[in-house]
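Asks: how would this look folded up:
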Amino acid sequence: MAHHASAEKRHRQSVARAANNRYFMSTLKTFIKKARTGITAKDESAQATLRRATSFIQHVANKGVIHRNKASRLVSRLTKFYNKSL
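Replies: Predicted coordinates for the structure are as follows:
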């Protein structure tokens, strides 16, 4: 348990950041899953879901939740998957 004011503040910040990161990572996985299933099902809105997933991946990387190289890798793999399905 924290005993100093600064340590208590850091703990509050870490709890808030963990909650934010959990939200972003969960939403990121959902976007990726929706994009992949839409592409596999040859859905007509697959390109739109791919665009939204790509945008969210870059948004999460800009927030610092994931590394920019990981974001680039995820976007690349999703795009490659989409192009193969055409």
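Asks: tell me the centre residue of the chain?
Replies: Leu28 (3.0 Å; CA atoms, centre = their mean).
Asks: that one: which element?
Replies: In this structure, Leu28 is located in helix 5-40 according to DSSP states H and E.
Asks: ok, now which ones touch the residue nearest to the centre of the chain?
Replies: Contacts for Leu28 were tallied using CB atoms under 8 Å, 6 or more residues apart in numbering; they are Phe56, Ile57, Val60, Val65, Ile66. Just so you know, the C-beta spots here come from the backbone N, C-alpha and C atoms, and that holds for glycine as well.
Asks: contacting residues around the one helix or strand the second one maps to?
Replies: Counting by DSSP H and E, the secondary-structure element that holds Ile57 is helix 46-63. By CB under 8 Å, 6+ apart, the residues outside helix 46-63 that reach it are 24-25, 27-28, 31-32, 34-35, 38-39, 43, 66-68, 70-71, 74-75, 78-79, 82, 85.
Asks: ok now stretch 7-18, how far from the chain's centre?
Replies: 22 Å (CA atoms, centre = their mean, to the nearest Å).
Asks: my error: substitute stretch 48-64 in the last question.
Replies: On CA atoms, centre = their mean, the centre of stretch 48-64 falls 6 Å from that of its chain.
Asks: next one: stretch 12-29
Replies: Between the centre of stretch 12-29 and the centre of its chain there are 11 Å (CA atoms, centre = their mean).
Asks: any idea of the mean pLDDT for it?
Replies: pLDDT averaged over stretch 12-29 equals 98, rounded to a whole number.
Asks: list the buried residues of that stretch.
Replies: When neighbours are counted by 16 or more other CB atoms under 10 Å, the buried residues of stretch 12-29 are found to be Phe24, Leu28.
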